[in-house]
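Asks: Take this sequence and fold it.
(one chain, ligands or ions: 1)
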Amino acid sequence: MPGIIIKPRSRIYHGHDWVYSSEILKTFGSPEPGEVITMKDYRDRPLGCAIYNPVSQIVARRISRRKQKLDAEFFGRRISQAINVRTSSDVDPQLCRLVWSESDALPGVIVDRYGDHLVLQTLTLAMEINKQLIIDALVDQLSPKSIILRNDSPMLKAEGIEPCIELVYGENPGAFIVTANDIQFEVDLLDGQKTGLYLDQLDAHASVAQWAKGKRVLDCFCNQGGFALACAKAGAESVTAVDISESASEATKRNAEINGLEINAIKANAFDFLKGCEDKYDVVILDPPSFTRNKKTLNDAMRGYKEIHLRGLKLLEDNGILSTFCCSHHASRELFLNNVVSASVDAKRTVRLIKNHNQRLDHPVLPAIPETEYLKGFTFQLTPSR
Ligand code: SAH
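Replies: Numbering: from 1, shown residues only. Model (predicted):
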C-alpha cells in the first residue's frame, strides 16, 4: 500500500487524526487522490491508515489505527457505532446528527436524521468517491424513506469536490414537520431555503427559554426561530426575532403560525438593528454565524462579537439576561468569555455567569482533535447597576 512518513512532532503523535502537507517527511508508492494510504512514523513504525487528498492542506485523515479498506463492512461498522453513541445518550435519536465526521472516525461524512429522512454530506474526496457504500449502509441499518445529498459546504472547495444537492435514495419528502422541544418546525431538506435545523443548538433553545416567562425577548440571528419559538412557548411577554435572510425570517413567521405562537419576525441586519434599537429587553440572545473560518481574520471576528455584545448589553434592564454563542473553533471559550467581559467593562455593567452552553452530545467532542469542539455559549445575568 502506498503511504506517507510523518515528521517528528506532528499533531498525529498527540492523538490527532490529521496530517498537514507540512508534516510529511516523505511520500512513497505514488498514492492516488481519494485512496487509502498507510502512515508511518520517522522510525518506520505504523500509525494506521488514512484517506489521502494532496489537493487539500490536510493531506491525510486517519480512519483507523490498524489496516483498513473502505468497504461495505467498514462503513456498516462505523455507522452502527455512531448510531449506538446517539441512542445511548439522551439526544432524540429521531432528530439528531447521526454521524459527525472525525468524531465518528468517518472524516468528512455527516449524516443528519429527521425521522424517516436523512441528509448526507460527503466533504472529503475519499468519502465522496465511496458515497454509494455509505448510502447502502444507511439504507441497510435505518430503512429511511429518503436520503438527500446536501454537499453545499464551503469545505468542498478545499477538497476539490463540486457542490451538489440531490436526492440519492427514495422519494423527495417535500416540506414536512419535525418536532423538537415540543415545538413544530417545517423543514424542506431538498428544495427549501429553510433546509434543516441547527441541531447542535436544540438543547440551548430549551435552556435559554427557562428565563423567558413573562419577559421581553430579543433573538438576534434567529434563523428559523429556534430560540424565539422556545421562549414564546415558555410564556414570554413578547418575542422579537431578527435575521438578515428573507427566507429565515419567513420560516420563523411560518413556524410561529404552525405553533400558534406570536413572534415579531424582522428581516434586518442584526448589527444595524441593535444599533438603531430604542426598546429595552429582559432577554437578549445572540447566535451569529461564524465570523471567521480561519485564524487570520480572528481579530476582525472578535471586533464583531464585541460590537454585538456591547449593543446587546445596552438594551438590557437590570437583572437582564444575555445569552451569547460562538460557533467558530478558532475562538476559544476563554477568548470568547473575555470578549463579553471587555464589552461589559465598556458598558459599565457587571455580568454574572449563570450557564455554560456546549454543542449537543450528537456532535461529540474529541479533545485530542480540538477542531471537533466549535460551539460555545454563555448565559449571563446583569447585576443591578452598581
Ligand atoms: N439561532 C439559530 C441559528 C443561527 S445561524 C438557531 O439556534 O437555530 C445564523 C443566522 O444568522 C443565519 O440564519 C443567518 O441568516 C443569520 N445572519 C447572518 N448574518 C446576519 C446579520 N448580519 N444579521 C442578522 N442575521 C444574520
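Asks: And the residue in the stretch 51-200 of the chain that the ligand sits nearest to, how far from residue 184?
Replies: In the stretch 51-200 of the chain, the residue found nearest to the ligand is residue 198; the distance is 3.6 Å by Cβ to the nearest ligand atom. Every C-beta, even on glycine, is put in place using the N, C-alpha and C of the backbone. With distances taken as Cβ to Cβ, to the nearest Å, residue 198 is found 16 Å from residue 184.
Asks: neighbour-wise, which of the two wins?
Replies: Neighbours were counted for residue 198 and for residue 184 using other Cβ atoms under 10 Å; residue 198 has more, 17 against 13.
Asks: residues contacting the more buried one?
Replies: Taking Cβ atoms under 8 Å, 6 or more residues apart in numbering, we find residue 198 in contact with 223, 226.
Asks: Which pLDDT does the model give it?
Replies: Note on residue 198: pLDDT of 96.
Asks: Okay, now the unreliable bits of the protein?
Replies: Judged by pLDDT under 70, the chain has its weakly predicted residues at 192-194.
Asks: Residue numbers of it in contact with the ligand?
Replies: Taking Cβ under 6 Å from any ligand atom as the contact definition, the chain meets the ligand at 198, 201, 221-223, 226-227, 242-245, 248, 269-271, 287-289.
Asks: Weed out the non-buried ones from the residues you listed.
Replies: Buried by 16 or more other Cβ atoms under 10 Å: 198, 201, 221-223, 226-227, 242-245, 248, 270, 287-288, out of the residues of the chain next to the ligand.
Asks: Tell me which two of the residues you listed sit farthest apart.
Replies: Maximum pairwise distance among these (Cβ to Cβ): 17.7 Å, between 201 and 244.
Asks: mind listing which of the residues of the chain next to the ligand are in helices?
Replies: 226-227, 248, 270-271 (DSSP state H).
Asks: surely residue 349 meets residue 380?
Replies: No. Assessed by Cβ atoms under 8 Å, residue 349 is found out of contact with residue 380, at 9.5 Å.
Asks: Tell me which of those two has more neighbours.
Replies: residue 380 (25 against 21).
Asks: Tell me what that one is bridged to.
Replies: residue 322, residue 353 (DSSP bridges).
Asks: I'd like to know how far it sits from the ligand.
Replies: Distance, residue 380 to the ligand, using Cβ to the nearest ligand atom, to the nearest Å: 17 Å.
Asks: Which residues are in contact with that residue?
Replies: By Cβ under 8 Å, 6+ apart, the contact list for residue 380 reads 321-324, 340, 344, 351-354.
Asks: Residue 280 versus that one, what's the distance?
Replies: For residue 380 relative to residue 280 (Cβ to Cβ), the value is 17 Å.
Asks: try residue 90
Replies: From residue 90 to residue 280 the distance is 36 Å (Cβ to Cβ).
Asks: the more surrounded of these two?
Replies: residue 280 (13 against 9).
Asks: tell me which element the residue nearest to the more buried one when sequence neighbours are not counted falls in.
Replies: Spatial nearest neighbour of residue 280, excluding adjacent residues (Cβ to Cβ, 6 or more residues apart in numbering): residue 317 at 5.4 Å. Using DSSP states H and E, residue 317 maps to strand 316-326.
Asks: list the helices and strands that strand packs on?
Replies: In terms of contacts (3 or more Cβ pairs under 8 Å, 6 or more residues apart in numbering; DSSP states H and E), strand 316-326 is packed against helix 202-209, strand 281-286, helix 298-314, helix 333-346, strand 351-358, strand 376-382.
Asks: and residue 237, which of those is closest to it?
Replies: strand 281-286 (8.2 Å).
Asks: Tell me the strands beside that closest one, with direction?
Replies: Strand pairing for strand 281-286, using DSSP bridges, gives strand 216-220 (parallel), strand 316-326 (parallel).
Asks: okay, these, which one's buried deepest?
Replies: strand 216-220 (a mean of 28; mean count of other Cβ atoms under 10 Å).
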